[in-house]
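Asks: Sequence first, predicted coordinates after that:
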Amino acid sequence: MRFIVFGLFILISIAYVISGRKRILHSKNDYEDLVNDTKISVIIPARNEEQNLKKLLPLILNQTIKPFELIVVDDNSTDGTYSVASSFENVKVIRLTEEPPKGWVGKSWAIWNGFSNSSGNYLLFLDADVEPEPVLISSLIQRYREKSGLITVWPYQRFERFYEHLTLPFNLLVIYASNNLGFPSKEPSGAFGPVIFTSRKDYEMVGGHEAIRDSVLEDIKLGKLYLRSGLKVTNFLGNNTVKFRMYPNGIRQLFEGFSKNMSSGAITAGILPFALSIIWMSGVYSSISTAFSIEGAVRYMVTALAIYVMAKPTGDYKWYDAILYPVHFLFFLIVFFYSLYLTIFKKQVSWKGRKINV
């Protein structure tokens, strides 16, 4: 039985890698014909993001295609988010000084307020922790002209501290097992949240974030909204065009960030993608449990190689992350079961000082 599981693990890994390589967002610098009719409103929801904004805002203002307007929505922050955003001359700051109304999740509420105060004919929603290259906007416009509908990007992970490498299994599953890159179904199951580009017309037609106001999985739900409305959703990997550090403030932030929606999102991609991810994970964990034999050692090294190949397009993971993959996947299990406990029994998660009902 274990050989069957391992064989399926290899086949699924190959399919994941092929699907990912087709969705790399390559930088596009051919922008001369893109500026005439394109008014882009860049909207950044920000709750306690003063450090990230210091990096992000200059990067947006330095784009080869300048945004029509740059809007930061200070989501009732307790740090210097408002002061930092206001210190930039070309940034419009929307300051929310109260908690979101009942029935709204904070990020969707902030985005909706940014949208309501914007006037561009295209919308670019960015998480505050992304780090775009100067050609991000031109690359997104190029992709939009080819695909239309909703264009989203999962940025390339950048690390500065070792604990951040523990994101490896989370990153692989979010990217490959979400059915967002064309496998197993050509139609994606949703969208990625950190970088979202669309037209105002389409966003208004589907109802925008107001229609998904109470979901902690707002990116997945937004993608489904577009698909149900007959619009295309195309998701990419950020590669060298846009990067991010997801949880730079310590392992506690990483633990809280993943546990808030991990169990809720486990099966949102559908039955088949979920089943394939379970088989793939079974291949990983079975290779750990049988590693102390010659045959088991071979399977362990093949698994490490597969993880390494899959991880390279997604982030700055090193060879030792692949060799030490049991550490990463043990941490993953701990977070997953804690997230399951929060979702089933407490029906409430925490994020950035807020309690969110799930």
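Replies: Received it, and whenever you're ready, just let me know what you need.

Asks: CA atoms for contacts and neighbours, from now on please.
Replies: Fine.

Asks: Low-confidence ranges, the protein, go.
Replies: 28-36, 263-266 (pLDDT under 70).

Asks: ok, which stretches of the stretch 101-250 of the chain are strands?
Replies: According to DSSP state E, counting those that start in this stretch, the stretch 101-250 of the chain carries its strands in the segments 122-126, 130-132, 150-154, 156-157, 195-199, 233-237, 242-244.

Asks: What strands line up against the second one, and which way round?
Replies: Same thing as strand 130-132. Strand pairing for strand 130-132, using DSSP bridges, gives strand 242-244 (antiparallel).

Asks: sorry, back to before: let's have the strands of the stretch 101-250 of the chain in a markdown table, adding distance to M262.
Replies: A markdown table is the format used below for these (distance: least, C-alpha to C-alpha, whole Å):
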| stretch | distance to M262 |
| --- | --- |
| strand 122-126 | 21 |
| strand 130-132 | 21 |
| strand 150-154 | 16 |
| strand 156-157 | 18 |
| strand 195-199 | 19 |
| strand 233-237 | 20 |
| strand 242-244 | 19 |
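
Asks: any chance of those strands in CSV, with distance to Q348 and mean neighbour count too?
Replies: Below are the strands of the stretch 101-250 of the chain laid out as CSV (distance: least, C-alpha to C-alpha, whole Å; neighbours: other C-alpha atoms under 10 Å):
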stretch, distance to Q348, mean neighbour count
strand 122-126, 26, 22
strand 130-132, 27, 23
strand 150-154, 26, 26
strand 156-157, 28, 24
strand 195-199, 26, 24
strand 233-237, 29, 25
strand 242-244, 27, 23
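
Asks: residue ranges of the helices in the stretch 51-200 of the chain, please?
Replies: Counting by DSSP state H, counting those that start in this stretch, the segments of the stretch 51-200 of the chain that form helices are 81-86, 106-116, 136-147, 168-176, 200-206.

Asks: ok, and the closest non-adjacent residue to S199?
Replies: On the basis of C-alpha to C-alpha, 6 or more residues apart in numbering, the spatially nearest residue to S199 that is not a chain neighbour turns out to be Y122, at 4.2 Å.

Asks: mind listing what that neighbour touches?
Replies: Shown in contact with Y122 (C-alpha atoms under 8 Å, 6 or more residues apart in numbering): 38-41, 197-200.

Asks: What's opposite it in the beta bridge?
Replies: With DSSP bridges applied, Y122 shows beta-bridge pairing to I40, S199.

Asks: For it, give its distance to R200.
Replies: 5 Å (C-alpha to C-alpha, to the nearest Å).

Asks: same check, this time on T290
Replies: Using C-alpha to C-alpha, one obtains 54 Å as the distance from T290 to R200.

Asks: higher neighbour count, these two?
Replies: Comparing T290 with R200 by other C-alpha atoms under 10 Å, the one with more neighbours is R200, at 19 against 15.

Asks: the helices in the stretch 201-350 of the chain, which residues?
Replies: Counting by DSSP H, counting those that start in this stretch, the stretch 201-350 of the chain has helices at residues 218-228, 251-259, 271-289, 294-311, 319-323, 325-341.

Asks: right, so the ones you listed: which one is the most enclosed?
Replies: Of all the helices of the stretch 201-350 of the chain, helix 218-228 has the most neighbours on average by mean count of other C-alpha atoms under 10 Å, namely a mean of 21.
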